[in-house]
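> turn this into a structure:
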Amino acid sequence: MGKLFGTDGVRGVANEELTCELAYKIGKCAAYVLTGEIKHKPKILIGKDTRISGDMLEAALTAGLCSVGAQVVSLGVIPTPAVAYLTRLYDADAGVVISASHNSAEYNGIKIFNANGYKLNDAIEERIEDLILVDDSEIRLPTGDDVGTVTKCDTAVRDYVEFAKSTIDCDLDGMKIAVDCANGASYETSTRVLAELGAEIYTVANHPNGVNINLNCGSTHTEKFGEYVKNINVDIGLSFDGDADRLLVIDELGNLIDGDKIMLICAEYLKDAGMLNKNTLVTTVMTNLGLVLAAKEKGINIVQTNVGDRYVLEEMLKSGYSLGGEQSGHIIFLDHNTTGDGLVSALQLLSIVKKTGKKLSELAEVFQTLPQTMINAKVKNSNKYDYVKDDIITAEIKALEEEFKESGRVLIRPSGTEPFVRVMIEGPTQALVEQKAKYLAKLIEARLG
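Model (predicted):
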């Protein structure tokens with residue numbers, strides 16, 4: 001992976017790591033690489049989440065895009081998956097999202113979709129990085145009538161809302177739904193879609209002010225929302241992250257339903273309907289072992305990839321699969337959108353609840369989750385890949401792998417977007433896996449922090 005791009009674009013503290021200068025260069029170099037073969041004036045969409053730094057970075061990014069002659073279309077605040085969809089709908093040459101997803105408000109990021117609505121592959125990202133970090137002298141800056149322009153799109157939210165509604169063939173009349181918008185990009189789109197489909201909705205964290213995105217809310221902080229759902233007598237609670245490309249769910253009893261269970265509920269329903277391509281679900285290596293065992297019993301094949309929805313998508317496209325995702329709630333319904341889409345995922349699950357007449361808690365019995373924990377070891381960002389070089393850390397990892405080889409597993413990986421080494425252990429009891437994971441995380445912090 002390159003020096004700028006992580007598993008989900010370029011990300012960092014806004015105005016410190018992700019500066020206006022860098023945003024300008026990303027705009028200039030990305031437009032040059034992505035539209036180099038285009039004979040017309042390229043059209044590039046920009047959407048953003050609700051962070052206070054979004055306006056600043058959009059201005060800088062827009063300047064970079066216009067400096068190489070691009071026609072920039074500003075979509076305003078809108079979910080990441082909406083940009084992927086609208087890039088195709090509006091026949092644009094690329095789409096750019098300014099967001100740091102589930103991170104706190106001081107962070108921001110830039111991720112890019114190609115003309116087909118897919119995230120960029122490693123080779124293209126590396127080409128953009130080379131221009132930014134090494135030499136961009138080959139880029140010709142136009143003058144006169146060839147300089148780029150900016151327009152605003154007033155129909156983006158409505159067009160995405162109509163698309164989302166079209167992904168299910170039933171209404172939601174009679175359903176009571178709580179929604180946690182994370183004070184993020186879904187605060188308007190999710191509530192409009194659910195209301196227009198007939199649901200009675202109860203919203204929380206839907207008053208963004210620029211600095212409260214993901215603040216004790218959203219899919220990374222579901223504890224309070226779980227209690228809220230339990231106490232207000234609704235059918236389901238939907239919890240989005242800041243840019244609404246991921247979804248976690250709370251059942252009517254207040255229990256958290258993660259991406260693994262959402263995926264297998266949907267995979268089983270689609271398989272029974274003859275709509276699951278090749279009867280296969282694509283997951284990452286972080287998926288709970290309980291899902292893998294249950295899927296086998298249900299006749300559903302499991303293909304696993306490295307962590308990151310981009311790798312899930314690559315496998316889906318390569319092999320012709322239609323459903324895949326991550327435990328964290330990034331779920332790709334490739335028949336509907338080209339990237340993880342929290343709202344589309346919610347609608348697919350809601351339609352299953354509506355059509356089967358079952359409570360979500362009943363559907364969630366689709367498999368028994370094996371005891372699992374994941375601890376983030378906070379390290380220097382420059383050190384997060386060095387755990388494999390440390391003899392003391394690697395010896396402890398090998399010892400744990402030996403201990404759990406018959407009754408679980410151990411997975412260690414650096415975060416693609418944050419200064420963490422993630423320690424995940426599955427085993428026979430929750431107490432044991434938490435004890436071992438905490439010990440290893442503290443060791444990694446001590447050695448690499």
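> when you work out contacts or count neighbours from here on, use the C-alpha atoms and nothing else.
Fine.
> list the contacts of residue 58.
46, 98 (Cα atoms under 8 Å, 6 or more residues apart in numbering).
> and it, how far from residue 20?
Computed with Cα to Cα, to the nearest Å, the distance linking residue 58 and residue 20 is 9 Å.
> how about the strands in the stretch 1-150 of the chain?
Under the criterion DSSP state E, counting those that start in this stretch, the stretch 1-150 of the chain carries strands at the ranges 5-6, 9-13, 43-48, 71-77, 94-98, 107-114, 149-152.
> packing partners of the longest one?
Packed against strand 107-114 by the contact rule (3 or more Cα pairs under 8 Å, 6 or more residues apart in numbering; DSSP states H and E) you find strand 9-13, strand 94-98.
> one more: the fifth one?
Contacting strand 94-98 under the criterion 3+ Cα pairs under 8 Å, 6+ apart are the following elements: strand 43-48, helix 54-67, helix 80-89, strand 107-114.
> out of the ones you listed, which is closest to residue 350?
Counting by Cα to Cα, residue 350 lies closest to helix 80-89 out of the helices and strands packed on strand 94-98; the figure is 18.7 Å.
> so what secondary structure elements neighbour the closest one?
Using 3+ Cα pairs under 8 Å, 6+ apart, helix 80-89 is in contact with strand 43-48, strand 94-98, helix 156-165.
> now do the buried residues in the helix or strand hosting residue 315.
Secondary structure assigned from DSSP states H and E places residue 315 in helix 309-319. By 16 or more other Cα atoms under 10 Å, the buried positions in helix 309-319 come out as 309-313, 315-316.
> quick one: mean pLDDT over it.
The pLDDT scores in helix 309-319 average 95.
> so after it, what's the next helix or strand?
With DSSP H and E, the next secondary element past helix 309-319 is strand 323-325.
> give me the residues contacting that next one.
259, 263, 267, 276-277, 280-284, 309, 312-313, 316, 331-334, 340.
> so what are the domain limits for the chain?
Using automatic domain parsing, the domains assigned to the chain come out as 5-155, 173-253, 258-366, 372-448.
> need these in a markdown table (columns: distance to residue 167).
Listed next are those as a markdown table, based on distance: least, Cα to Cα, whole Å:
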| stretch | distance to residue 167 |
| --- | --- |
| domain 5-155 | 13 |
| domain 173-253 | 11 |
| domain 258-366 | 7 |
| domain 372-448 | 31 |
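> so which of those domains comes closest to residue 166?
domain 258-366 (9.2 Å).
> span of that closest one from start to end?
Using Cα to Cα, the two ends of domain 258-366 sit 12 Å apart.
> can you give the distance from it to the centre of its chain?
15 Å (Cα atoms, centre = their mean, to the nearest Å).
> stretch 348-367 too?
Distance of stretch 348-367 from its chain centroid, counting by Cα atoms, centre = their mean, is 23 Å.
> list the contacts of that stretch.
Residues outside stretch 348-367 that contact it (Cα under 8 Å, 6+ apart) are 167-172, 235-236, 251-253, 255, 257, 261-262, 264-266, 269, 290-291, 294.
> out of the residues you listed, list just those in strands.
236, 257 (DSSP state E).
> cross the contacts of stretch 348-367 against helices and list the overlap.
Among the contacts of stretch 348-367, DSSP state H puts 261-262, 264-266, 269, 290-291, 294 in helices.
> between the domains of the chain, which one is closest to residue 161.
Between the domains of the chain, domain 173-253 lies closest to residue 161; by Cα to Cα that is 5.8 Å.
> how long is the closest one from one end to the other?
Termini of domain 173-253 sit 21 Å apart (Cα to Cα).
> check stretch 386-395 too.
14 Å.
> list the contacts of it.
With Cα under 8 Å, 6+ apart as the criterion, stretch 386-395 contacts 440, 443-444, 448.
> mind listing what residue 276 touches?
267, 270, 321-323.
> most neighbours among those residues, please name it.
Within the contacts of residue 276, most neighbours by other Cα atoms under 10 Å means residue 323, with 26 neighbours.
> give me the buried subset of the contacts of stretch 348-367.
The neighbour-count test (16+ other Cα under 10 Å) marks 167-168, 171-172, 235-236, 251-253, 255, 257, 261-262, 264-266, 269, 290-291, 294 as buried among the contacts of stretch 348-367.
> three-state assignment of the residue lying closest to residue 182 once chain neighbours are set aside?
Distances taken as Cα to Cα, 6 or more residues apart in numbering place residue 218 nearest to residue 182, at 4.0 Å, with adjacent residues excluded. Taking DSSP: H, G, I helix; E, B strand; the rest coil as the rule, one finds residue 218 in the coil state.
> ok, which stretches of the stretch 251-400 of the chain are helices?
Here the stretch 251-400 of the chain has its helices, by DSSP state H, counting those that start in this stretch, at 259-272, 289-297, 309-319, 342-356, 360-363, 391-404.
> hmm, back to that, which strands or helices does the helix holding residue 315 pack on?
strand 280-284, strand 301-305, strand 323-325.
> again, only this time at 7 Å
In terms of contacts (3 or more Cα pairs under 7 Å, 6 or more residues apart in numbering; DSSP states H and E), helix 309-319 is packed against strand 280-284, strand 323-325.
> so the first one versus helix 259-272, what angle?
Spelled out, that is strand 280-284. 170 degrees (axes from the mean of the first three to the mean of the last three Cα atoms, to 10 degrees).
> between strand 280-284 and helix 289-297, how big is the angle?
170 degrees.
> show residues contacting strand 280-284.
267, 300-307, 312, 321, 323-326 (Cα atoms under 7 Å, 6 or more residues apart in numbering).
> going by neighbour count, which of these comes out on top?
residue 325 (32 neighbours).
> ok, what's across the strand from residue 240?
Bridge pairing for residue 240 (DSSP bridges) gives the partners residue 247.
> ok, it - how many residues close by?
By other Cα under 10 Å, neighbour count at residue 240 equals 35.
> please apply the same query to residue 36.
The tally of other residues near residue 36 (other Cα under 10 Å) stands at 11.
> now do it, the pLDDT please.
The per-residue pLDDT reported for residue 36 equals 81.
> surely residue 409 is in contact with residue 424?
No - look at residue 409 against residue 424 with Cα atoms under 7 Å: they stay out of range, at 8.3 Å.
> which of those two has more neighbours?
Neighbour count, other Cα under 10 Å: between residue 409 and residue 424, residue 424 has more, with 23 against 19.
> do you know how far that one is from residue 205?
Counting by Cα to Cα, the gap from residue 424 to residue 205 is 30 Å.
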